[in-house]
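[1] Curious how this folds, go ahead:
(chains A, B, C and D)
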2 protein chains.
Amino acid sequence: MKVLAESSALRARKVRSDRKPVSPVTAHESVYRQLKDRILFGGFKPGEPVTLRGIALDLQVGLMPIREAVRRLIAERALEMRDNRRVLVPPMSKEKFEQILYARLAFEPDLAARSCAHLTPEIIDDIEAIDNRLDLSVLNGDAERYMRGNFQFHFAIYERAGADMLAALVESVWLQFGPFMRMAYGRVGTGDLTDHHEEAIAAMRAGKPELVRCAIANDISQGMGFIGESVLDSVQ
Amino acid sequence: MKVLAESSALRARKVRSDRKPVSPVTAHESVYRQLKDRILFGGFKPGEPVTLRGIALDLQVGLMPIREAVRRLIAERALEMRDNRRVLVPPMSKEKFEQILYARLAFEPDLAARSCAHLTPEIIDDIEAIDNRLDLSVLNGDAERYMRGNFQFHFAIYERAGADMLAALVESVWLQFGPFMRMAYGRVGTGDLTDHHEEAIAAMRAGKPELVRCAIANDISQGMGFIGESVLDSVQ
DNA sequence: TGAGGCCTATTGTGATCACAAAATCTGCGG
DNA sequence: CCGCAGATTTTGTGATCACAATAGGCCTCA
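    Model (predicted):
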């Protein structure tokens, strides 16, 4: 068995030496982004179990980067670890949904109002372009594209509020309802979706933070209320 | 050098075999709690660099649990990793302080109001006992004891609000101002500290959630305002 | 005396192995 | 046909090693 230990050590060294040159971003950050993408836009279903080795196989990386990325997502409550040490995508509950709605209303309208001071006409054009693509996704009934567009729209605004600590909190909140929303859209479709994005864009062009605040608040209330009524009762 | 590799492998195996039986809580969770304690109650100074091996030496555990605990704290923004991959305790800024104040006012008064429905007279007695010990710490000028007591007081209330998702967000916020507050108390002392805890306790006994909300909001505004004015300008 | 380039030590990252606990499968008896 | 105990597989955890990049000390040279 000494021979075995030796040979394995040599093989390890060999593998290690022709490792590709270090990339600018670490492996675990790359894994983190891919997992976050899946969680935000419906790559996972609520309650779905997640295993480290399974992800490692999917993403073709070693266990270590997976461990760090998953640990990070657990801390952000995007994943959940039960006391059996099993990791899974957290299921939604009525209480949790209510808390998410509260947190969104507490932060997002204010972030949008804050960002008004930093928006230029060009930036608003970009945001409007995002919203136009978004409308197309709704028409096509493409739930994943809709969710991506909706995320881009909101965070294109929030990230310019000059309040990255609050924006980070909001992102953590979005991570907690992504899988549920995907499932919800899968049930009720995207046909009846209406938003207050045009209203917000008009208010941004007019430079009226309070109207922007209002538009975003309505957008959240209506979008979440729509889903909450439709799906939440039947789930739990 | 083959011999060297062999012997180290054997030593490793030996160490592995007489590892103590697995504890109910994992090592990295134990590390996480200890680090969180330090961050919340002043064991670290803002801007202080943190190295994995340094902590491993302090806490007498291997590198792996440290890595997972630190990764978790970074995700909660209790620690910060610069792009040089150096980990440090995040320094405070005027902007960050303002955002923290906003987040606290958005969540904590509401959590306190929510908890009213679940409070029994015995629980309120316990909370009052915490507050009494707190007052002693203020008189003694013991900043760390004061911070521990203040944390216990607030979270004894929040954790009974039946809104653990919001409570987790609030804890993340506290982690972000712990080191700064410790430094601040070190400068201005605890002598002038006044709080609205008795007011909150009275409102809880009376069963008036709106008064509790008010008391907690005042407590936060006054406490943070006091520190903000005193220290923040001189820091940055 | 001070600024710039080498050199060493330190630090985070990732791979691999070993292990214990949980989960899953299996076969036996009711 | 079902339930349950034993065996097997899977899974998270932790240790250890190797490596690249950074930081910090040291020396040289202007």
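[2] surely A:Cys94 meets A:Leu232?
    I think there's a mix-up here, since residue A:94 is Lys and not Cys. Yes: with contact defined as C-beta atoms under 8 Å, A:Lys94 and A:Leu232 form a contacting pair (5.7 Å). For glycine as for every other residue, the C-beta is placed from the backbone atoms N, C-alpha and C.
[3] between these two, which one's more packed in?
    A:Leu232 (18 against 12; other C-beta atoms under 10 Å in any protein chain shown).
[4] dump the residue contacts of that one.
    Contacts here follow C-beta atoms under 8 Å, 6 or more residues apart in numbering or on different chains; on that basis A:Leu232 touches A:Met92, A:Lys94, A:Phe97.
[5] Look at the residue of chain A found nearest DNA strand D and report its pLDDT.
    The minimum distance from chain A to DNA strand D, using C-beta to the nearest atom of the strand, falls at A:Leu52 (3.2 Å). Model confidence at A:Leu52, given as pLDDT, is 97.
[6] Same question for A:Tyr32.
    What the model reports as pLDDT for A:Tyr32 is 97.
[7] ok, for it, nearest residue in space, not its chain neighbours?
    With sequence-adjacent residues excluded and distances taken as C-beta to C-beta, 6 or more residues apart in numbering or on different chains, A:Tyr32 is closest to A:Ala69, at 4.0 Å.
[8] need the strands for chain A, in chain order.
    Residue ranges of the strands in chain A, as given by DSSP state E, are A:49-50, A:80-81, A:87-88.
[9] so which of the ones you listed comes closest to DNA strand C?
    strand A:49-50 (7.6 Å).
[10] picking up where we left off before, can you say which of the strands of chain A is nearest to B:Arg148?
    Of all the strands of chain A, strand A:80-81 sits nearest to B:Arg148, with 27.3 Å by C-beta to C-beta.
[11] for the record, mean pLDDT for the closest one?
    If you average the pLDDT values across strand A:80-81, you get 96.
[12] check contacts around the spatially most central residue of chain A.
    Here the mean C-alpha position of chain A is nearest to the C-alpha of A:Leu40 (C-alpha atoms, centre = their mean), at a distance of 3.1 Å. If you count contacts by C-beta under 8 Å, 6+ apart, A:Leu40 has them with A:Met147, A:Phe151, A:Trp174, A:Leu175, A:Gly178.
[13] Low-confidence ranges, chain A, go.
    Across chain A, the ranges flagged by pLDDT under 70 are A:1-24, A:234-236.
[14] Are whichever helix in chain A runs longest and chain B in contact anywhere?
    Under DSSP state H, the helix in chain A containing the largest number of residues is helix A:164-188. Yes: among the residues of helix A:164-188, A:Met165, A:Leu166, A:Ala168, A:Leu169, A:Ser172, A:Val173, A:Gln176 lie within reach of chain B under C-beta under 8 Å from any C-beta of the partner chain.
[15] Phi, psi for the residue of chain A found nearest DNA strand C please.
    Using C-beta to the nearest atom of the strand, A:Gly62 is the residue of chain A that sits closest to DNA strand C, at 2.2 Å. Its backbone dihedrals place A:Gly62 at phi -70, psi 180, with angles given as degrees, to the nearest 10.
[16] ok, the residue nearest to the centre of chain A to A:Met147 distance?
    For A:Leu40, the distance to A:Met147 (C-beta to C-beta, to the nearest Å) stands at 7 Å.
[17] Likewise for A:Arg77?
    Distance check for A:Arg77 against A:Met147: by C-beta to C-beta, it reads 19 Å.
[18] who in chain A is up against chain B?
    For chain A, the contact set with chain B under C-beta under 8 Å from any C-beta comprises A:2, A:5-6, A:9, A:67-68, A:71-77, A:95-96, A:99-100, A:102-103, A:106-107, A:110, A:162-163, A:165-166, A:168-169, A:172-173, A:176.
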